[in-house]
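Novice: What shape does this take:
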Amino acid sequence: MPLAPLSLSLTVFSRKIVTNNPCLFQRLGEYGRTDFVLDPIDLPIVLCLNPNDGLPKVKLTRRQTEGTARISGPMAALLGLVHGAFDGDALFFSRDLVVEGDTGAALALRNAIDDAELDLAQEAAALSGPFARPLQQLIALAERQTGLYLTRPEDAAIW
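Specialist: This is a model prediction of the structure:
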């Protein structure tokens, strides 16, 4: 499957998220144009996110990508962090999550995402118009079947 269309879709999605959460990338400060590499180690892709001062760009690649900060871990851990379901410090110290490069940049990204209290499923549903309810049901089913945190739990932990 070609990654360019998915990269474009994720860029559009991330820009919609910023529209709904305008303070999301403001907290990054000096890291507003930093290349963050998110590496789900159990998938054959790597995601490069550049906040681009509030107009984010996302690029997927099948090969190693250089960035200022790299955050690696299982997809379940990365999604759980975004949704506040897991404690990032605990994952880091247990080595389930690896941070390389500029740890200050990685910490700034973590704090920005944490403050926004994102729910990616809710963001996707908001964009799907009349398909919002069926999409939410499909996401709930996928969450039950996979055990992944695809939504923000009611009692989300602080990472």
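Novice: Scan the helices and strands of the chain for the one with the lowest mean pLDDT.
Specialist: In the chain, no helix or strand scores lower on mean pLDDT, DSSP states H and E than helix 88-93, which sits at a mean of 86.
Novice: who's in contact with Asn50?
Specialist: By C-beta atoms under 8 Å, 6 or more residues apart in numbering, Asn50 lies in contact with Arg33, Thr34, Asp35, Phe36, Pro56, Lys57. Just so you know, the C-beta spots here come from the backbone N, C-alpha and C atoms, and that holds for glycine as well.
Novice: Check Thr11 too.
Specialist: Pro56, Lys57, Val58.
Novice: Buried residues, the one helix or strand it maps to. List them.
Specialist: Following DSSP states H and E, one finds Thr11 within helix 4-20. By 16 or more other C-beta atoms under 10 Å, the buried positions in helix 4-20 come out as Ser7, Leu10, Thr11, Phe13, Ser14, Ile17, Val18.
Novice: quick one: Thr146 and Leu79, what's the gap?
Specialist: To Leu79, Thr146 is 10 Å away according to C-beta to C-beta, to the nearest Å.
Novice: Which of the contacts of Thr11 fall within strands?
Specialist: Counting by DSSP state E, the part of these found in strands is Lys57, Val58.
Novice: At which residues are the helices of the protein located?
Specialist: Listed in chain order, the helices of the chain (DSSP state H) span 4-20, 75-82, 88-93, 103-116, 120-127, 132-146.
Novice: contacting residues around the second one?
Specialist: Same thing as helix 75-82. 38, 40, 42-43, 71, 86, 88, 91, 96-97, 110, 113, 118, 120, 147-150, 159.
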